[in-house]
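# Requesting a structural model of the entry that follows:
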Amino acid sequence: MNLKLHWLLLSTLLIASGCSSLGVKPWEREILAREDMLMDADALDLAFDEHIYFSKEASSGGQGFSGGGCGCN
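All right, here's what the predicted structure looks like:
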């Protein structure tokens, strides 16, 4: 019983310490804050992605558009 408790505590500590180094460092925030690092930096790519999404989703009202997945609104 005592050995199982030690293994449980050890594994819990290892799992908890595995995520301790995640995150953005202060000197990396400058790079990530640039305009070209935005998820929607290119308006044309964003328009294509939205068109593909609402054309293939096959549900009404997904992006504010009605119709099915066939593309016939």
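# Please name the residues that touch Ser17.
Contacts of Ser17 were listed using CB atoms under 8 Å, 6 or more residues apart in numbering, and none were found. Placement of C-beta: from N, CA and C, glycine included.
# Please apply the same query to Leu22.
Here Leu22 is in contact with no residues (criterion: CB under 8 Å, 6+ apart).
# Is it part of a helix or strand, or is it coil?
Three-state call for Leu22 (DSSP: H, G, I helix; E, B strand; the rest coil): coil.
# Then Trp7?
Applying three-state DSSP: Trp7 is helix.
# Now do Arg34: how many residues are near it, please.
9 (other CB atoms under 10 Å).
# Oh, that last question was meant for Gly23, not what I typed.
For Gly23, the count of nearby residues is 7 (other CB under 10 Å).
# now swap in Ser55 and tell me
Using other CB under 10 Å, Ser55 has 17 neighbouring residues.
# next one: Phe54
21.
# what's the distance between it and Ala43?
17 Å (CB to CB, to the nearest Å).
# what do you get for Lys56?
The gap separating Lys56 from Ala43 is 21 Å, by CB to CB.
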